[in-house]
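Asks: Here's a sequence, model it:
(one chain, ligands or ions: 4)
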Amino acid sequence: MKTFNIAVIPGDGVGQETVPAAWRVLELAGQLSNAFAVRSHVFDWSCAYFQRHGHMMPENGLDLLKPFDAIFLGAVGFPPVPDHVSLWGLLLPIRRGFDQYINLRPIKLLRGITSPLCGYHPGDIDFVVIRENTEGEYSNSGGRLRVGTPQEVVVQNSVFTRFGTERVIRYAFNLARASRQSLTSATKSNGINFSMPFWDEVFQEVGEEYPDVKQVLYHIDALAAYFVTRPQTFDVVVGSNLFGDILTDLGAAIQGSIGIAASANINPEGQYPSMFEPVHGSAPDIAGKGLANPIGQIWTAKLMVDHLGFPDVGANILEAIERALEKGHKTPDLGGTDSTQSVTEAVMTELRHLYPPL
Ligand SMILES: NC(=O)c1ccc[n+]([C@@H]2O[C@H](COP(=O)([O-])OP(=O)(O)OC[C@H]3O[C@@H](n4cnc5c(N)ncnc54)[C@H](O)[C@@H]3O)[C@@H](O)[C@H]2O)c1
Ligand SMILES: O=C(O)C[C@@H](O)C(=O)O
Ligand SMILES: [K+]
Ligand SMILES: [Mn+2]
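Replies: Numbers count the residues shown, from 1 in each chain. Ligands and ions are numbered 1, 2, ... in the order given. Down below sits the predicted model:
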């Protein structure tokens, strides 16, 4: 039986609660299935670490993470550390340094959950957003001059490379082809007149290799509305870094709560470890109260299990989540009265039922 070495970074706020909770489910899934074991190495990199050391992680942080089979992270960012300092000190250097150019975020209406959109039932909404994860609007290019004066000048560049655009679009096409479904591209080539016409050209060029995949192009503003008015029509959606970021909080909302949304930062070539973290952040408004929904983190663990090569076990984790939800185990963000702990226990109980003793 293989033992996986996982770098665990709970990070800030509710990450401190959701990561240990989901880790219990992950360990149990490995034990019950007899498929794998996990060994954790916990790193305390966070805003609290920043306040002690002046940086979010040590200078050789990526070297320390490189040998691990995967990275399991909670959330990054907490006052009083400015959000751009915490994000660019920890999360974004890992995504970019480990070339995790695919950010895969499933949007699915689970059994036991009522969408805020009327008339949708579990299974009606089921698609995946592929977010470009290393460049675009998040390119760390720009600067500020004459800060704080009336003559202040601020430049923030978006950098789109042909290589980077092609590879994320190709990944999305392959995913759509594997399920014989459509691919929707998020664009804004009317207003954003250099990068987005380029994005569309690449989408069309790569698309010529996939005549079997239905190809749809929407401006991001219209697409945002369609997420609300006809979410059942989407299979795979591909977007730039910022568009994918915004669309996936919207996607989380239509599937019931940001607290259940999962995400995988993938380096498809396996040259570097991939990183698994929920879509949500540190939720300072509810942190430390035992109210955080652990399901986003547990579903994220399922994505990690899939990635490590055990999709059957991953499927059972999701099944256990849905059974627990159907029985009404919900934290306040889903309208329930459960705690982080009791939802986690409920998922573990359902998981045990899926693996009857020999
Ligand atoms: N990938 C990440 O680590 C990540 C993602 C988003 C935001 N952030 C950071 O997190 C901090 C807070 O950002 P924000 O408020 O914009 O976004 P957020 O996702 O932390 O919170 C948005 C809302 O969702 C709720 N929420 C989030 N997670 C929840 C959970 N597990 N259960 C129940 N409710 C949950 C919060 O209570 C809040 O009302 C900032 O520092 C931000 O930079 C980090
Ligand atoms: O990528 C970001 O901007 C951070 C966070 O909002 C996320 O979606 O992971
Ligand atoms: K997160
Ligand atoms: Mn986001």
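Asks: start to end distance for stretch 225-244?
Replies: Using C-alpha to C-alpha, to the nearest Å, the span of stretch 225-244 from its first residue to its last is 14 Å.
Asks: Report the secondary structure element holding the residue in the chain positioned nearest to ligand 2.
Replies: Among the residues of the chain, residue 245 lies nearest to ligand 2; the distance is 4.8 Å by C-beta to the nearest ligand atom. For the C-beta atoms, the positions are set from N, CA and C on the backbone; glycine is no exception. Residue 245 is part of helix 241-254 when elements are defined by DSSP states H and E.
Asks: can you check residue 186 too?
Replies: For residue 186, the host element (DSSP H and E) is strand 183-187.
Asks: buried sites along the longest helix seen in the chain?
Replies: Determined from DSSP state H, the single longest helix within the chain is helix 15-33. If you call a residue buried by 16 or more other C-beta atoms under 10 Å, then helix 15-33 has these buried ones: 15-30, 32-33.
Asks: My read is that residue 39 contacts residue 8, right?
Replies: No: with contact taken as C-beta atoms under 8 Å, residue 39 and residue 8 are classed as non-touching, separated by 9.9 Å.
Asks: hang on, the earlier thing: ok now do the residue of the chain closest to ligand 2, which residues does it touch?
Replies: Residues touching residue 245, when contacts are defined by C-beta atoms under 8 Å, 6 or more residues apart in numbering, comprise residue 131.
Asks: how far away is it from residue 137?
Replies: 9 Å (C-beta to C-beta, to the nearest Å).
Asks: tally of neighbours for whichever residue of the stretch 101-250 of the chain sits closest to ligand 1?
Replies: Distance from ligand 1 to each residue of the stretch 101-250 of the chain (C-beta to the nearest ligand atom) is smallest for residue 249, at 7.5 Å. The number of residues packed near residue 249 is 14, by other C-beta atoms under 10 Å.
Asks: What pLDDT is listed against it?
Replies: What the model reports as pLDDT for residue 249 is 98.
Asks: so residue 78 sits in a helix?
Replies: No: under DSSP: H, G, I helix; E, B strand; the rest coil, residue 78 sits outside any helix and is assigned coil.
Asks: for stretch 127-137, how far is the first residue from the last?
Replies: Stretch 127-137 has its terminal residues 24 Å apart, counting by C-alpha to C-alpha.
Asks: can you tell if it touches ligand 3?
Replies: No: shown here: stretch 127-137 not in contact with ligand 3 (C-beta under 5 Å from the ion), separated by at least 12.9 Å.
Asks: in the stretch 51-200 of the chain, which ranges drop under the pLDDT threshold?
Replies: Counting by pLDDT under 70, the stretch 51-200 of the chain has no low-confidence residues at all.
Asks: quick one: residue 141 and residue 135 touch, right?
Replies: No: the pair residue 141 and residue 135 fails to qualify as a contact (C-beta under 8 Å) at a distance of 9.6 Å.
Asks: Next one: stretch 87-98, is it in contact with ligand 1?
Replies: Yes: for a cut-off given as C-beta under 6 Å from any ligand atom, stretch 87-98 has contacts with ligand 1, namely 87, 91.
Asks: between the strand holding residue 186 and helix 241-254, how many degrees?
Replies: Put simply, strand 183-187 runs at 120 degrees to helix 241-254, going by axes from the mean of the first three to the mean of the last three C-alpha atoms, to 10 degrees.
Asks: Residue 89 and ligand 3: what is the separation?
Replies: When C-beta to the ion, to the nearest Å is the yardstick, residue 89 and ligand 3 sit 15 Å from each other.
Asks: whoops, residue 345 was the one
Replies: Counting by C-beta to the ion, the gap between residue 345 and ligand 3 amounts to 23 Å.
Asks: related to what we said a few turns ago, which one of residue 141 and residue 135 is surrounded by more residues?
Replies: Using other C-beta under 10 Å, the more surrounded residue of residue 141 and residue 135 is residue 135, with 21 against 11.
Asks: Please name the nearest non-neighbouring residue to the more buried one.
Replies: For residue 135, the nearest residue in space outside its immediate sequence neighbours is residue 164; the separation is 4.7 Å by C-beta to C-beta, 6 or more residues apart in numbering.
Asks: just residue 257 next, same as before
Replies: Spatial nearest neighbour of residue 257, excluding adjacent residues (C-beta to C-beta, 6+ apart): residue 333 at 4.4 Å.
Asks: The closest residue to ligand 3 within the stretch 251-358 of the chain: what's its closest spatial neighbour, skipping adjacent residues?
Replies: Nearest residue of the stretch 251-358 of the chain to ligand 3, counting by C-beta to the ion: residue 277, 3.9 Å away. Distances taken as C-beta to C-beta, 6+ apart place residue 73 nearest to residue 277, at 4.0 Å, with adjacent residues excluded.
Asks: what secondary structure does the one you found sit in?
Replies: Following three-state DSSP, residue 73 is assigned to strand.
Asks: can you pull up the bridge partners for it?
Replies: The residues paired with residue 73 through beta bridges, assigned by DSSP bridges, are residue 9.
Asks: for it, what are its contacts?
Replies: Residue 73 makes contact with 8-11, 15, 19, 91, 94, 275-277 under the criterion C-beta under 8 Å, 6+ apart.
Asks: Then residue 137?
Replies: When contacts are taken as C-beta under 8 Å, 6+ apart, residue 137 is in contact with 156, 158, 240-242.
Asks: and stretch 258-276 with ligand 1, contact?
Replies: Yes: Stretch 258-276 lies in contact with ligand 1 when judged by C-beta under 6 Å from any ligand atom; the contacting residues are 258-259.
Asks: Got the phi and psi for residue 334?
Replies: Taking degrees, to the nearest 10, you get phi -100, psi 10 for the backbone angles of residue 334.
Asks: Good, we can wrap up now.
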